[in-house]
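> Below is the structure, and that's it, no one-letter string:
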């Protein structure tokens, strides 16, 4: 099968997948548009075709491979930092970070200089295991490496991470 035939048979499904991925992950990848995702999938498909792989697999397998490739691509491109303005509301009642810091009786600059230390964050109702996971992830350790260091599966690390996020959002 020629690449043009393969491309023509999959292009509609890849385009729908790119649209769905952009809709699903749009906020996290604002700098990447649907066409970028589509082109990345076509490049991935071309690389697989050059190696001779696609001829052995059906269309669904190839589209799923493109889907996993894009998920990995997005994971690498996703913004790792969230910037919060001191003046923008952080909840429905209009409270800002600045209001919270002033309510603690210190100036914004002093609060930032003193910092909300990692110890204050860690002592926010987290279990010992969640604190261990938090510390490792804060150091930049991957989920799998954190699991290995703690003697647990990477799936448990992901669960602890989700619990940390949920507890933090409740505070």
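It's in. These numbers were taken from a predicted model, which means no experiment stands behind them. Residues are numbered from 1 along each chain as shown.
> what does the longest helix belonging to the chain rub up against?
Longest helix in the chain, counting residues (DSSP state H): helix 3-25. If you take CB atoms under 8 Å, 6 or more residues apart in numbering as the criterion, helix 3-25 is touched by 29, 32-35, 37-38, 41-42, 45-46, 49, 54, 59, 62-63, 66-67, 70-71, 74, 78. Using the backbone N, CA and C atoms, a C-beta is placed for each residue, glycine as well.
> Pull out the buried positions in the helix or strand just after that helix.
With elements assigned by DSSP states H and E, the helix or strand that comes after helix 3-25 is helix 34-50. Buried residues in helix 34-50, counted by 16 or more other CB atoms under 10 Å: 34, 36, 37, 38, 40, 41, 42, 44, 45, 48, 49.
> try stretch 144-162
Buried positions in stretch 144-162, judged by neighbour count with 16+ other CB under 10 Å: 146, 147, 150, 152, 156, 157, 160, 161.
> helix or strand for the first one, which one?
Which is residue 146. For residue 146, the enclosing helix or strand under DSSP H and E is helix 143-150.
> got a list of contacts for the helix or strand following that helix?
Once helix 143-150 ends, the next helix or strand along the chain (criterion: DSSP H and E) is helix 154-170. Residues outside helix 154-170 that contact it (CB under 8 Å, 6+ apart): 121, 124-126, 129-130, 133-134, 137, 143-144, 146-147, 150.
> and the angle for helix 154-170 with helix 143-150?
If you take axes from the mean of the first three to the mean of the last three CA atoms, to 10 degrees, helix 154-170 sits at 100 degrees to helix 143-150.
> low pLDDT regions in this structure?
Scanning the chain for pLDDT under 70 picks out 26-31, 53-56, 77-86, 90-91, 97-124, 171.
> I'd like the domain boundaries of this protein, if you could list them.
The chain is divided into the following domains under automatic domain parsing: 3-77, 84-116, 117-170.
> Return the distance of the longest one from the chain's centre.
In terms of CA atoms, centre = their mean, to the nearest Å, the centre of domain 3-77 is found 18 Å from the chain centre.
> and stretch 135-149, how far apart are its ends?
Terminal residues of stretch 135-149 are spaced 12 Å apart (CA to CA, to the nearest Å).
> Kindly report the same for stretch 133-145.
Start-to-end span of stretch 133-145 (CA to CA) is 11 Å.
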